[in-house]
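# Here is a sequence with its predicted model. Questions after.
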Amino acid sequence: MFRIQSPVLLAGVAMAALPLAVSAQSAPESDALDPIVVTATLGPKTVGESLSSVTVIEKEDIVRQKPAEFRDLLRAQPGINVVSDGSYGKTTSVFLRGAGSSGTVLLLDGIRLRSASAGIPPWQFLPPELMERVELVRGAKSSLYGADAVGGVIQAFTLEPEAGRQGWGELTAGSHKTREVTAGLAGREGRSSFLASGVYSDTDGTNLRDGGEDKGFRNTGGLAKLSHSFDQGGGAGLTVFQSEGNTEFEGGDTDFLIRAMGLHLEAVASDYWRTRIQFSEARDEQDTFGANPSTFDTLSRSARWENTLTAGVHELVLGTEVMIDEVDGTSNFTEDSRTNSAVFGQGRLNFDATDLMLSLRLDDNEAYGKEETGGVALGHQLDRAHRFRLSYATSFRAPTFNDLYLTVPFYTGNPDLDAEEGQMVEAGFSGRYDRWFWDIAIYQNDVKDLITYVSDPVTFEGTMENVETARIRGVEVSSGIETADWNLAAALTYADTENRDTGARLPRRAEKNVRLDIDRLFSQWSVGASFIAESDRYNDAANTSLLPGYGTVDLRAAWNFQPGWSASFKVDNVLDRRYATSIGYDSATFAPFDYLAAGRTFMASVRYDFQQ
């Protein structure tokens, strides 16, 4: 069993504390490590100004790490647990600050992605090759984004064109007969820009259980974007994203289609008023074949209108949003559509060294009624480098169509369910210097009316009920260093999750996570490594199925061998560790088995870029 104790824990703490020791010897010179984010505050602010706990994964990080799957970018980041039923496109859940797998909102360029029937975002089907940056915003954000932002919001931003014209192509091959082709063309002339990119990947996959057969994954992804900026400010843009393919699992396979389309229009109405409206549509379609064939097709359409009013250094955001969810498939739903309407507002006030943010939102859903959420955050700049923040926010998780309306053998949905409700308190302290930063956050989230599956022990008939309460509290420490030759990032997370009714730990969450990314940069090449470790976790609510902790090491290298040409090589799980983050059950015998992650894997690629 892998335990995060003495040397590893001390190394993580030492890494996080190192910038603090160095900063005492050097004054701050710039905000190079305080990037602009837009997810935390409904507008562009630096990480420090947002008054939230935020981690930003930049384009350079994605290029260097070359993740095989989108989830690899998220693993063991501050406050995050990733659980998967094996590698290569298998069912994946992301637990942010201990919230349930449907308690984290996923946005793609502002478009919400999720299955309306199950409530879970399609993490496993997002090609990382089409992503430019990712913002991880931790903390309750329902007052800004509505239902399900209990643990926070993760927003992925797709590729953006640069000035002039660019094109690229890349070939990748590796273990398990993995092969991948990526190509794209983009340009920006004057105030207009376009981008088109595609990726095709195919792999035989790995065995998901001892003695099992390899289970493959095939994915074709595409991205198209058009945008134009107006002379007087603002602009318009269109984004179309699609990911489709097939993934195999124990007992069958699934054809999937994820499609997102968004159209936005932004205008400057006056010196004090900026307005933006976005129309979007997201599809999640899955056809499953095997012993239990099924079809679940969900469609979400939304319209969101935001207005930003400024008065000196103060800002007020007022908006409204309407979302319509529809479901269809082979299973019976007593209701197959629902509408959610919302109004929201946020005040961003500045008083010299002190910032104050207030937010309030009212959601009215025809399925489960009205929910009011709010938040207040206070930040104070102690000096040029150090900042303190304190916040309180409420949140809720909406019951899904499956929770409310699904009717299948031995299960009937409960249309009388209430939404889960949470209250989170957080305190944070950070230091940002010329080339270093560190951040510490302490939080507690109390959640009531947890939606839980309950079954009759005699008839085995089951349903969902509001029966539990939970307390989730934790500490997150993160740090980073950027120099001309080195890039380092470290994260340490401790989370104490408890079912207050039973005293048990919440299932599938590890208590301790450590992540360390280090890259050495040279003029024409680079080398790097990532160390990721997680402590043990229980797979079930009763805490009877324990999965041991694990630690993995990944190595990478890249070489720019000719103008426009580059090559990269990567070895994941160098030590060939055997580990699992979830447990499955045999369809014939109901015997449990571990969903095994991939062992040691190799990947090599060659890429060509041109720019005019």
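Great, that's in hand.
# dump the residue contacts of the closest residue to Leu130 other than its chain neighbours.
What sits nearest to Leu130 in space, not counting adjacent residues and going by C-beta to C-beta, 6 or more residues apart in numbering, is Leu223, at 4.8 Å. In short, each C-beta sits where N, CA and C put it, glycine included. When contacts are counted by C-beta atoms under 8 Å, 6 or more residues apart in numbering, Leu223 touches 130, 158-159, 195-198, 239-242.
# And for Tyr145?
Contacts of Tyr145 by C-beta under 8 Å, 6+ apart are 105, 107, 112, 153.
# Lowest-scoring secondary structure element of the protein by mean pLDDT?
One helix or strand of the chain scores below all others by mean pLDDT, DSSP states H and E: helix 6-23, with a mean of 39.
# which element follows that helix toward the C-terminus?
Counting by DSSP states H and E, the element after helix 6-23 in chain order, helix or strand, is strand 36-37.
# Please report phi then psi for Gly379.
phi -130, psi 140 (degrees, to the nearest 10).
# Can you report phi and psi for Ala591?
The phi/psi pair for Ala591 (degrees, to the nearest 10) is phi -70, psi 140.
# Who's the closest spatial neighbour of it, skipping the chain neighbours?
Using C-beta to C-beta, 6+ apart, the nearest residue to Ala591 is Tyr585, at 6.9 Å.
# So the residue nearest to Leu130: helix, strand or coil?
Counting by DSSP: H, G, I helix; E, B strand; the rest coil, the backbone at Leu223 sits in strand.
# Model confidence for it, exactly?
In this model, Leu223 is scored at 98, pLDDT.
# Quickly list what it is bridged to.
Counting by DSSP bridges, Leu223 is bridged to Ser197, Phe241.
# low pLDDT regions in the stretch 351-500 of the chain?
Within the stretch 351-500 of the chain, no range satisfies pLDDT under 70.
# Please, where are all the helices along it?
Secondary structure of the stretch 351-500 of the chain by DSSP state H, counting those that start in this stretch: the helices cover 401-404.
# picking up where we left off before, do you know how far the residue nearest to Leu130 is from Phe429?
Computed as C-beta to C-beta, to the nearest Å, the Leu223 to Phe429 distance reads 39 Å.
# what's the answer for Phe217, then?
42 Å.
# same check, this time on Thr247
43 Å.
# Quick check: of the contacts of Leu223, which lies closest to Val343?
Thr239 (25.4 Å; C-beta to C-beta).
# In terms of pLDDT, where does the nearest residue to the closest one once chain neighbours are set aside sit?
Closest residue to Thr239 apart from its sequence neighbours, by C-beta to C-beta, 6+ apart: Gly262 at 4.7 Å. On pLDDT, Gly262 comes in at 98.
# Make sure Gly262 is indeed in a helix.
No. Counting by three-state DSSP, Gly262 is not found in a helix; it is strand.
# Show me what it bridges to in the sheet.
Going by DSSP bridges, Gly262 forms beta bridges with Thr239, Ser280.
# going forward, begin numbering at 846 instead of 1
OK, 846 is where the count begins now, so the last one is Gly1107.
# how far away is the residue nearest to Ala1436 from Asp1439?
Distance from Tyr1430 to Asp1439, by C-beta to C-beta: 11 Å.
# which ones are touching Ala1349?
Ala1349 neighbours (C-beta under 8 Å, 6+ apart): 1343, 1383, 1386-1388.
# again, only this time at 6 Å
Taking C-beta atoms under 6 Å, 6 or more residues apart in numbering, we find Ala1349 in contact with Asn1388.
# Next: the one 5 residues further on.
Contact criterion C-beta under 6 Å, 6+ apart gives 926, 940, 943, 1342, 1382 as the residues in contact with Arg1354.
# Now it: which helix or strand?
Counting by DSSP H and E, Arg1354 is found in no helix or strand.
# Can you report how many residues lie near the closest residue to Asp1132 other than its chain neighbours?
Among residues not flanking Asp1132 along the chain, Asp1100 sits closest, at 4.6 Å (C-beta to C-beta, 6+ apart). With neighbours defined by other C-beta atoms under 10 Å, the count for Asp1100 comes to 15.
# and Asp1100, bridged to which residues?
Asp1100 has these beta-bridge partners by DSSP bridges: Asn1091, Asp1132.
# rewinding a little: show me which of the contacts of Leu1068 are buried.
When the contacts of Leu1068 are checked for burial by 16 or more other C-beta atoms under 10 Å, the buried set is 975, 1003-1004, 1040-1043, 1084, 1086-1087.
# for Asp917, helix, strand, or coil?
helix.
# My read is that Thr1092 contacts Asp1100, right?
No. Contact between Thr1092 and Asp1100 fails when scored by C-beta atoms under 6 Å: they sit 8.6 Å apart.
# so what sits against both of those two?
Jointly contacting Thr1092 and Asp1100 under the rule C-beta under 6 Å, 6+ apart is no residue at all.
# And Ala985, how far from Gly996?
Distance from Ala985 to Gly996, by C-beta to C-beta: 8 Å.
# State the helix or strand in which Phe1376 lies.
strand 1370-1379.
# Pull out the buried positions in that strand.
So, applying 16+ other C-beta under 10 Å, buried residues of strand 1370-1379: 1371-1379.
# same thing with stretch 964-984?
964-976, 978-984.
# now do stretch 1160-1177
Under the neighbour-count criterion of 16+ other C-beta under 10 Å, stretch 1160-1177 has 1160-1162, 1164, 1166, 1168-1172, 1174, 1176 buried.
# With distance to Val1398 and secondary structure added, can I get these in TSV?
Putting the buried residues of stretch 1160-1177 into TSV (distance: C-beta to C-beta, whole Å; DSSP: H, G, I helix; E, B strand; the rest coil) gives the following:
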residue	distance to Val1398	secondary structure
Glu1160	45	strand
Leu1161	49	strand
Val1162	44	strand
Gly1164	45	strand
Glu1166	44	strand
Met1168	43	strand
Ile1169	47	strand
Asp1170	42	strand
Glu1171	45	strand
Val1172	43	strand
Gly1174	42	strand
Ser1176	43	coil
